[in-house]
Every structure is written in C-alpha cells, then in structure tokens.
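J.: what's the 3D shape of this:
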Amino acid sequence: MHPRFFAETHPGHFAAIMADGSRALLYAELETRANKGAHYFRSLGIHNGDAIGIWLHNGIEFFEVYWAAQRAGAYICPISTQLTAEDAAYILNDSGAKLVVTDILVKSAKELIDRKSNLVSGRLAILEGTRLSETIAPFPETPIVDERAGYQMVYSSGTTGRPKGIRIPLSDQPAEASLKRAELMQKSYGLGPHSVLLAPAPLYHTAPLIFSTIPQRLGATIVVMPKFDPEEALRLIEKYRITFVQMVPTMFIRLLKLPQAIREQYDLSSLQTVLHAAAPCPVETKRKMLDWLGPIIYEYYAGSEGNGSTAIGPEEWLERPGSVGKAQDTTIHICGENGEELPAGEDGLIYFAGGANFEYLNDPNKTHDSRHPKYRDWSTLGDIGHVDEDGYLYLTDRKSFMIISGGVNIYPQEVENLLIQHPDVDDVAVIGVPNADMGEEVKAVVQPRRWEERGKDLEDRLLNHCRSKLSHYKWPRSIDFERKLPRHETGKLYKRELRKRYWV
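T.: Numbering: from 1, shown residues only. Take a look at the predicted model:
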C-alpha cells in the first residue's frame with residue numbers, strides 16, 4: 001500500500017494525468033522524484049516531524065512534493081490557493097514549516113512573509129514550484145536512509161475564524177507501512193491499479209487530497225482537473241473511462257442544472273462509484289442523481305480530524321433518505337447541551353468515540369472544547385444530528401450556523417435544501433440576522449438563476465414556496481439577492497462573510 005510498490009510492479013502505469021494535457025507522471029517517475037525530493041528536504045535540515053507547506057494549484061508537482069515529504073517523515077501542510085500571502089504566512093508561522101513549495105506570486109509572498117513575520121523570516125525556505133525539477137535533479141534516486149512515514153496536517157477552512165492545524169500524531173512507522181484508511185478504502189470501494197479516478201476539486205482540501213493520494217497507495221491513476229466545470233467533468237469521464245469520482249453536493253447541483261441534452265450526450269458507463277461528502281446533500285438532489293446515474297452513489301461523513309466516519313450505500317440510502325450512514329470502526333453518541341446522551345430521534349451534538357486522537361495545533365482551548373465534558377476520549381466536529389433506532393446518522397446542521405429566534409432553534413440547512421430545488425435559484429445561504437424582538441430572524445440570500453429577474457416578484461415567489469413547505473417559525477422573513485455567493489472552490493460556503501454584513 002504505497003506508490004513504491006507500483007513503481008516496481010507497474011513502472012509504466014500512470015500515477016497522475018493532468019486533464020488539460022499539460023503533464024503526466026508514471027509510477028516509476030514518481031518514485032524517482034519523491035526520493036530526490038526527500039534527499040533535498042534533508043539537505044535543508046528538515047527532519048522527522050517537521051512541517052512542509054504545499055501552496056500549489058492543482059498540478060503534478062503537488063504529488064511529487066507530497067510523496068517526498070511523506071517518506072521524509074514530515075507533516076505535510078497543504079495551503080489553499082485562495083488565501084492571501086498574509087493568510088498563508090499565518091499558516092506557515094503556526095505550523096512551524098521549514099519549507100514552502102509554491103506557485104503563488106513567489107516574490108510577493110516572500111516579501112510579505114519576511115515583513116509580517118519575524119518567526120518565519122530567515123528560517124523558511126521558499127521554492128518556486130516550476131523550479132522543483134531542476135532543484136532536486138542533483139540528488140540521489142535512492143531512498144533516504146532514515147525514512148519514516150509522514151502525514152498531512154491540514155488546516156481548517158477558517159469559515160468561522162483563523163484556521164487551525166489539525167495534527168494527528170505520526171506513527172513512527174516505515175514510509176511503506178500500511179495505512180488503516182487505505183485498507184478501508186480498498187475494502188469499501190475495490191480500488192486498485194485498474195481504477196481511474198477523477199479529481200475535480202483543489203488538491204489542498206482534505207477530501208480531494210485523501211481521494212488522490214490514498215488511491216495512489218493502491219496503484220490507481222488520478223486524472224486531475226485544474227478547476228471544476230460540470231460539462232468538462234462529463235467529457236473527462238467519457239475520455240478517460242473514469243471509474244471513480246469524489247464530489248460535493250454543490251457539484252451535483254451544477255451537474256443537474258446542465259440541460260438534459262448536454263448530460264445525455266456523454267458516455268458515463270465506465271463509472272462504478274460516485275462518492276460524495278463535505279456537506280449534507282438535499283434529498284431531492286440525491287434522488288435525481290440516482291435516477292440519472294443509477295445505484296452507484298455512495299456517501300460518507302467525516303472530518304479532517306480523523307476522529308470518526310460514517311458510510312452509506314445507494315440501496316441503504318433509498319431505504320433511509322437523508323441518512324449519512326452508520327459509524328465505521330467508531331461509535332456515535334448524540335449529546336445535549338450539558339453532555340447528556342440523548343435517545344434515538346433527538347437532535348444533539350455528534351460525538352465519535354474510538355477515532356484518532358487529534359489536536360488543534362497551538363490552540364489547547366479549541367482542542368479542549370472538541371472533547372465531551374465527561375468522556376474525554378469522545379470528540380466532536382461541531383455538527384448537530386440524530387441517529388435512528390438502527391444507528392443510522394442524520395445530519396441537521398453545524399452548531400455554529402444555528403439560528404435562535406425567540407428562544408427556538410432553527411437550522412438553516414433545511415431551508416437551504418428547500419430553496420435550492422427551486423428552478424429560479426442557482427445558490428442559496430440562510431443566515432440569522434438581528435431582530436429587536438426575537439433576537440434573530442431568518443434571512444435567505446439567493447443567487448438567482450437569471451440575475452435580471454431579481455426583485456420583489458421573485459422574492460414573493462420564493463417566500464411563498466417556503467411558506468407552503470415549512471413550519472411558520474422556519475420561514476425566511478426576507479430575501480436578498482447576490483450575483484455570486486462567497487463559496488470556496490471546494491463548495492464550502494463562507495457564511496461568516498455574509499453574516500458580518502448584517503451584524504454591525
């Protein structure tokens with residue numbers, strides 16, 4: 001379960017292909033470059049447990065740096081290409097990175113990092129991604145003598161404040177040691193050298209990172225999109241005979257809003273598994289995807305923290321629409337405000353027991369708050385949900401997104417799931433805004449399908465749509481329109497940016 005094995009058994013097999021045709025990487029080439037990179041890291045004084053930043057757009061270099069760092073025993077710290085140099089400097093500082101490989105305005109980034117951060121200045125090496133090949137060229141092709149398994153240390157997206165590094169203790173195992181998550185992925189989805197995966201999202205995000213590098217442990221080929229486009233994704237599935245793709249619900253919504261004639265013109269028969277996660281998927285959206293692609297759509301729920309996960313297959317989901325499945329190798333506990341465990345059917349904070357013992361780097365308070373007040377080996381991602389009598393989990397929303405109006409808890413996800421199905425809506429966010437009497441009231445911020453139709457008539461249609469389907473206290477009291485909602489490339493909505501416009 002390591003690319004090195006396939007460099008020996010399948011040297012001419014593709015480890016990665018850029019969908020735009022710019023470059024491809026064989027397993028034999030990956031092995032050589034990763035070994036050279038590990039020697040280069042050692043030459044910089046980077047040792048086991050040190051951090052290396054990867055601040056790169058989707059490209060072959062991402063994998064070369066990742067696997068070099070993995071066998072050098074480093075913490076691999078991917079950084080969003082959406083961040084400013086100042087925000088990236090914060091992450092590099094916080095992680096203690098000794099090197100960042102970047103293609104983001106290298107000169108400007110270096111100047112800003114040097115100016116803003118004394119801790120970084122003079123200690124951080126910066127390597128331009130386009131110079132990676134020439135930089136590592138003089139180093140040996142053989143493995144370093146002190147190889148140890150490194151692992152990623154991703155940073156939370158920062159939708160509710162400064163991002164925090166999620167650090168899981170390194171195993172101190174050989175670089176080629178098996179990984180439990182890889183074993184589970186192989187068992188669940190049958191991935192192997194025959195598999196061809198489409199990577200439609202930025203590799204620096206946790207799920208795309210995992211669903212590209214772990215399949216490479218199993219000998220699969222990864223076809224990397226520089227940026228997601230719904231019709232281009234269909235074209236690539238046909239061209240490369242894609243067998244597996246991991247998506248988020250916003251990608252489903254964009255695919256379904258393509259004209260049917262376009263969706264039907266591509267041959268998608270090679271697809272064996274479509275996997276989704278990252279946010280609750282509206283039930284009707286998933287039903288439409290199943291009607292289109294058939295019973296090949298699987299779902300999981302997990303976080304970058306690695307503290308637990310659930311999974312559900314298509315047949316199970318059709319029996320329990322809206323569920324994200326049962327726990328895998330962990331147990332779930334639903335707890336109330338004071339930590340008391342709640343019975344089946346009642347919404348509460350979701351805790352996992354038996355998963356990874358993570359910490360938020362340099363933030364002991366956040367680490368403490370993620371643990372159950374009594375059972376300290378139970379941890380939460382901050383999501384609200386409930387389980388049914390058979391242990392299937394249903395997500396309600398993020399605790400931090402909850403609206404409290406007149407003392408009543410309202411979860412925006414339910415309202416968003418209803419509005420996104422409306423034919424005149426391209427995207428939607430539901431937030432709480434100030435109300436003098438009730439504390440908060442519900443507001444919907446809508447990205448209309450046709451911008452020129454925004455206005456009172458559309459607002460009235462959408463409000464009436466909500467009133468016909470929802471309980472009175474959940475109704476949006478007003479709707480504002482935006483040309484484009486602030487979403488991350490991964491599909492995550494930046495509600496904090498919307499909320500701060502209304503809370504002065």
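
J.: with only the CA atoms kept, save stretch 208-225 in CSV.
T.: Extracted in CSV, the C-alpha atoms of stretch 208-225 (Å, rounded to 0.1, in the frame of the first residue of the first chain):
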residue,chain,number,x,y,z
PRO,A,208,-9.5,15.6,-2.7
LEU,A,209,-6.1,15.1,-1.0
ILE,A,210,-7.2,11.8,0.5
PHE,A,211,-9.0,10.6,-2.5
SER,A,212,-6.0,11.1,-4.7
THR,A,213,-3.0,10.1,-2.5
ILE,A,214,-4.6,7.1,-0.9
PRO,A,215,-5.6,5.6,-4.3
GLN,A,216,-2.0,6.1,-5.4
ARG,A,217,-1.1,3.8,-2.5
LEU,A,218,-3.3,1.3,-4.3
GLY,A,219,-1.9,1.8,-7.8
ALA,A,220,-4.7,3.8,-9.2
THR,A,221,-4.5,6.6,-11.9
ILE,A,222,-5.6,10.1,-10.9
VAL,A,223,-7.0,12.4,-13.6
VAL,A,224,-6.7,15.9,-12.2
MET,A,225,-8.9,18.8,-13.2
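
J.: what residues sit buried inside the helix or strand hosting Glu497?
T.: Following DSSP states H and E, the helix or strand that holds Glu497 is helix 495-502. Buried positions in helix 495-502, judged by neighbour count with 16 or more other C-beta atoms under 10 Å: 495, 498-499. Heads up, the C-betas are built off the backbone N, CA and C, glycines and all.

J.: repeat for stretch 23-31
T.: For stretch 23-31, using 16+ other C-beta under 10 Å, the buried residues are 25-31.

J.: try stretch 417-436
T.: Result for stretch 417-436 [16+ other C-beta under 10 Å]: buried residues 417-422, 425-433.

J.: okay, strands next: where are they in the stretch 401-504 of the chain?
T.: When assigned using DSSP state E, counting those that start in this stretch, the strands of the stretch 401-504 of the chain occupy the ranges 403-405, 408-410, 425-435, 439-448, 478-481.

J.: which stretch in those is the model least sure about?
T.: With a mean of 81, strand 408-410 has the lowest mean pLDDT of the strands of the stretch 401-504 of the chain.

J.: going by contacts, tell me the helices and strands next to that one.
T.: strand 403-405 (3 or more C-beta pairs under 8 Å, 6 or more residues apart in numbering; DSSP states H and E).

J.: now what about the strand it packs on, what contacts it?
T.: 409-412, 430-432, 435, 438-442, 473 (C-beta atoms under 8 Å, 6 or more residues apart in numbering).

J.: just the buried residues out of those, in ChimeraX syntax.
T.: Buried subset of the contacts of strand 403-405, written as a ChimeraX selection, criterion 16+ other C-beta under 10 Å:
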select :410,411,412,430,431,432,438,440,441,442
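
J.: which one of the contacts of strand 403-405 is nearest Ile104?
T.: Nearest to Ile104, judged by C-beta to C-beta, of these is Ile431 at 30.7 Å.

J.: what about that closest one, distance to Glu340?
T.: 29 Å (C-beta to C-beta, to the nearest Å).

J.: follow-up on the earlier one: tell me which of the contacts of strand 403-405 is nearest to Asn307?
T.: Tyr411 (22.3 Å).

J.: give me the nearest residue to the closest one, chain neighbours excluded.
T.: Asp397 (3.8 Å; C-beta to C-beta, 6 or more residues apart in numbering).

J.: what's across from that neighbour in the sheet?
T.: With DSSP bridges as the criterion, Asp397 is bridged to Ile384.

J.: ok so, going back, what angle do strand 425-435 and the helix holding Glu497 make with each other?
T.: Interaxial angle, helix 495-502 versus strand 425-435 (axes from the mean of the first three to the mean of the last three C-alpha atoms, to 10 degrees): 50 degrees.

J.: off-centre distance for helix 495-502?
T.: How far helix 495-502 lies from its chain's middle: 22 Å, per C-alpha atoms, centre = their mean, to the nearest Å.

J.: what of stretch 495-504?
T.: 23 Å.

J.: with stretch 36-44 instead?
T.: 29 Å.

J.: now it: buried residues?
T.: Neighbour-count burial for stretch 36-44 [16+ other C-beta under 10 Å]: 36-41.

J.: just the CA atoms of the helix holding Glu497, as PDB, please.
T.: The C-alpha trace of helix 495-502 is given here as PDB (Å, rounded to 0.1, in the frame of the first residue of the first chain):
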ATOM      1  CA  LYS A 495     -21.400  32.300   5.900                       C
ATOM      2  CA  ARG A 496     -19.300  34.400   8.100                       C
ATOM      3  CA  GLU A 497     -18.700  36.800   5.200                       C
ATOM      4  CA  LEU A 498     -22.500  37.100   4.700                       C
ATOM      5  CA  ARG A 499     -23.400  37.400   8.400                       C
ATOM      6  CA  LYS A 500     -21.000  40.300   9.100                       C
ATOM      7  CA  ARG A 501     -22.800  42.500   6.600                       C
ATOM      8  CA  TYR A 502     -25.900  42.300   8.800                       C
END
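
J.: what's it packed up against?
T.: Counting contacts by 3+ C-beta pairs under 8 Å, 6+ apart, helix 495-502 packs against strand 425-435.

J.: tell me the strands beside the strand it packs on, with direction?
T.: In the sheet, strand 425-435 lines up against strand 439-448 (antiparallel) (DSSP bridges).

J.: give me the pLDDT for the spatially closest residue to Asn307 that is not a sequence neighbour.
T.: Nearest non-adjacent residue to Asn307, counting by C-beta to C-beta, 6+ apart: Gly355, 3.7 Å away. For Gly355, the pLDDT comes out at 88.

J.: quick check: mean pLDDT of stretch 8-21?
T.: The predicted model assigns stretch 8-21 a mean pLDDT of 97.

J.: let me redo that: stretch 135-150
T.: Rounded mean pLDDT across stretch 135-150 is 97.

J.: for Thr285, what is the enclosing helix or strand?
T.: Assigning secondary structure by DSSP H and E places Thr285 in helix 283-293.

J.: number of nearby residues for the residue nearest to Tyr411?
T.: Using other C-beta atoms under 10 Å, Asp397 has 23 neighbouring residues.

J.: so what's it up against?
T.: 280, 383-384, 411-414.

J.: now do 6 Å
T.: 384, 411, 413 (C-beta atoms under 6 Å, 6 or more residues apart in numbering).

J.: out of the residues you listed, who's nearest Asp267?
T.: Of all the contacts of Asp397, Asp267 sits closest to Gln413, with 34.7 Å by C-beta to C-beta.

J.: tally of neighbours for that closest one?
T.: 18.

J.: find the nearest non-adjacent residue to it, please.
T.: In space, Gln413 is closest to Asp397, 4.2 Å off (C-beta to C-beta, 6+ apart).

J.: show the model's pLDDT score for the one you found.
T.: Asp397 is assigned 78 on the pLDDT scale.
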